[in-house]
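Student: what follows is a predicted protein model with its sequence.
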Amino acid sequence: MSARVEYAVVVPTVGRESLARALRPLVEAPEGAAPREIVVVDDRPPGRGAPLGVPDHPRLRVLGSGGRGPAAARQAGWHSCRAPWIVFLDDDVAPPGDWAARLCEDLDGRPEDVGGVQGRIVVPPPEGRAPTDAERATLALAGARWITADMAYRRSALERVGGFDVRFRRAYREDTDLALRVVDAGFRLEWGDRVCVHPLRGGGRLRSLGAQRGNADDVLMDRLHGRGWRRRVGEGRGALRRHVVTTAVLAAAVGAALAGRRLPAGALALWWAGRTARFALERVRPGPRTLAEVADMAVTSAAVPPLACLHRLRGAVVHAGASRRPAVRAVLFDRDGTLIEDVPYNGDPDRVRPRPGAARAVELAVRCGLSVAVVSNQSGIARGLLTEREVGAVNERVERLLGRFDAWCVCPHGEDDGCACRKPAPGLVREAAERLGVRPYECAVIGDIGSDVEAARAAGARGILVPTAATRGEECRAAPESAADPFGAVVRLLGGGAP
């Protein structure tokens, strides 16, 4: 390697025992190849399950995403990282001991237009027998493109497209959607040489029934990328058309029987049975052909077509009119030094002066449908230098000058009070998100000092620094993103262009 590659690793988890195995090569990596930070995102609902069994390591920390699915977990994870490369790993993979060094070799020297580099996934086949239908679904991961089981993205590419679309609630299609948007933004995606082992999973005897929920996600993919997205990722057109015909034949047979038309009902029932038997045989033939597998294929082959159609219809309803939307749904502005000139412990509304770009930033965010709020430390209240009424009067003056905000979240405590709200703690960000009806990972914090960015990082929100003359050099260097003024920060959040 010509220079040390700076990267962070994000691992969403639902508490699998395999998590420790996935993390081991990261925490044990030699100094020259070790990640800058490791973020484990607990995607279980709050209060569910035992504490995660993660090692105590200075570069490792844990975030919570509220059990909203892997896309939301990864979104919170990369928002909180500073490194120029973000590597996504699943919690059930088994990276070999040299994975970190091989990753650095994969990333070193890549041209700036390379937005992502995929690792090669190996799924060991079962020994001494053919794989079951459920196992074949896992084996297919070995040839899948751009899956986030082991995928490195440039942070600049994630920023450009807004990261993951959290409407994908399952571990399905969220990685394909992201890859297509990164390519559409002008980046290239390439293969690396590193290898990661994914365990062979059966997923239960009726796994294929639960998998039909993915048909609803395919509707969202159609809405966002058009009907040709499968070809772009090297997939066939799928079996939905076939399932629609089989389901229609079954419905016609039932309808004819209910109408007392025995001959047509019998003919349609035979047709349905023939289509179902053919489907079952296609699934049985490459498998172990045990009695249990044959029985499973017979039962699920009858149930899969109507379930696929049902979930497709559900997706058509849920995602009707779906379009690309900003990943960030709310902008949380720091007040002093960001929206207005910083006058220490100011309780006088007449001394309020807007910062350059502040009014345009608020107006643009509101015009584009984003919620806006203010998150502000006001320790002057705790020190006796300000009253809450004076702070409120200044806030009212800010609104008269810049426009109305959806929420004001103020910390009145001092540095030594040990509260959970004073930035850089995440409390104000979480409070604002709750009051706005969004999740922290759907928020961006725009501020002028390091504590603003650190509060965003701790909450899993996106943080953008807008430096002033008072911003320290180390804060500028540590910020994951920066902009010249608040307006430029909002433009950046909207994908680089203002309407």
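Tutor: Done, it's in.
Student: ends of stretch 371-388, what's the gap?
Tutor: 24 Å (Cα to Cα, to the nearest Å).
Student: what residues of that stretch count as buried?
Tutor: Using 16 or more other Cβ atoms under 10 Å as the test for burial, stretch 371-388 gives 371-382, 386. Where you see a C-beta, it was placed from the backbone N, CA and C, and this is true even at glycine.
Student: just the pLDDT for the nearest residue to residue 122 once chain neighbours are set aside.
Tutor: Sequence neighbours aside, residue 197 is the residue nearest to residue 122 in space, at 5.1 Å (criterion: Cβ to Cβ, 6 or more residues apart in numbering). We have a pLDDT of 94 for residue 197.
Student: returning to that earlier point: out of the buried residues of stretch 371-388, flag the one nearest to residue 165.
Tutor: Residue 165 has its nearest neighbour among the buried residues of stretch 371-388 in residue 371, at 18.4 Å by Cβ to Cβ.
Student: please name the residues that touch that closest one.
Tutor: By Cβ atoms under 8 Å, 6 or more residues apart in numbering, residue 371 lies in contact with 329, 330, 331, 406, 407, 436, 437, 438.
Student: who's in contact with residue 414?
Tutor: By Cβ under 8 Å, 6+ apart, the contact set of residue 414 is 379, 382, 383.
Student: residues touching the residue nearest to residue 122, list them.
Tutor: Taking Cβ under 8 Å, 6+ apart, we find residue 197 in contact with 93, 94, 95, 96, 121, 122, 123, 124.
Student: could you redo the last one with a cut-off of 7 Å?
Tutor: By Cβ atoms under 7 Å, 6 or more residues apart in numbering, the contact list for residue 197 reads 93, 94, 122.
Student: residue 169 now?
Tutor: By Cβ under 7 Å, 6+ apart, residue 169 lies in contact with 68, 69.
Student: which SS state does it fall under?
Tutor: Three-state call for residue 169 (DSSP: H, G, I helix; E, B strand; the rest coil): coil.
Student: and for residue 118?
Tutor: Applying three-state DSSP: residue 118 is strand.
Student: any idea how far residue 99 is from it?
Tutor: 14 Å (Cβ to Cβ, to the nearest Å).
Student: and the strands in the chain?
Tutor: Remark: strands assigned in the chain by DSSP state E are 7-13, 37-42, 60-64, 85-89, 114-122, 150-154, 188-197, 330-333, 371-377, 407-411, 443-447, 462-465.
Student: the second one to strand 60-64, inter-axis angle?
Tutor: Think strand 37-42. Calculated by axes from the mean of the first three to the mean of the last three Cα atoms, to 10 degrees, strand 37-42 forms an angle of 30 degrees with strand 60-64.
Student: could you pull up the mean pLDDT of strand 37-42?
Tutor: Mean predicted lDDT for strand 37-42 stands at 96.
Student: partners of that strand, with directions?
Tutor: Here strand 37-42 has these sheet partners by DSSP bridges: strand 7-13 (parallel), strand 60-64 (parallel).
Student: residues touching residue 284, list them.
Tutor: Applying Cβ under 7 Å, 6+ apart, the residues near residue 284 are 293, 294, 297.
Student: just among those, which is most surrounded?
Tutor: The member of the contacts of residue 284 that has the most neighbours, counting by other Cβ atoms under 10 Å, is residue 297 with 24 neighbours.
Student: so it touches residue 280, yeah?
Tutor: Yes - at 4.8 Å, residue 297 and residue 280 qualify as touching, with contact defined as Cβ atoms under 7 Å.
Student: ok so, going back, list only those of the contacts of residue 197 flagged as buried.
Tutor: For the contacts of residue 197, buried by 16+ other Cβ under 10 Å: 93, 94.
Student: make CSV from the contacts of residue 197 and add pLDDT and distance to residue 144 to it.
Tutor: Output for the contacts of residue 197, formatted as CSV (pLDDT from 0 to 100; distance: Cβ to Cβ, whole Å):
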residue, pLDDT, distance to residue 144
93, 95, 13
94, 95, 17
122, 96, 12
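Student: got the contact list for the residue nearest the centre of the chain?
Tutor: Centroid-nearest residue in the chain: residue 71, 2.9 Å away (criterion: Cα atoms, centre = their mean). With contact set as Cβ under 7 Å, 6+ apart, residue 71 has these partners: 164, 165, 166, 168, 174.
Student: hang on, the earlier thing: looking at the contacts of residue 197, which one is closest to residue 423?
Tutor: Using Cβ to Cβ, the shortest approach to residue 423 within the contacts of residue 197 belongs to residue 93, at 35.5 Å.
Student: which residues sit in contact with the closest one?
Tutor: Residue 93 neighbours (Cβ under 7 Å, 6+ apart): 22, 149, 150, 196, 197, 198.
Student: and with 10 Å instead?
Tutor: 11, 18, 21-22, 99, 119, 121-122, 141, 149-150, 196-199 (Cβ atoms under 10 Å, 6 or more residues apart in numbering).
Student: please, a PyMOL command that selects the buried ones among those residues?
Tutor: Buried members of the contacts of residue 93, defined by 16+ other Cβ under 10 Å, are picked up in PyMOL with:
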select buried, resi 11+21+22+99+119+121+141+149+150+196+197+198
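Student: what distance do you get for the residue nearest to residue 204 when sequence neighbours are not counted to residue 280?
Tutor: With Cβ to Cβ, 6+ apart as the criterion, residue 204 has its nearest non-adjacent residue at 6.9 Å, and that residue is residue 134. Remark: distance between residue 134 and residue 280 (Cβ to Cβ) = 15 Å.
Student: repeat that for residue 286.
Tutor: Counting by Cβ to Cβ, the gap from residue 286 to residue 280 is 12 Å.
Student: the more surrounded of these two?
Tutor: More neighbours surround residue 280 than the other of residue 286 and residue 280, with 19 against 12 (other Cβ under 10 Å).
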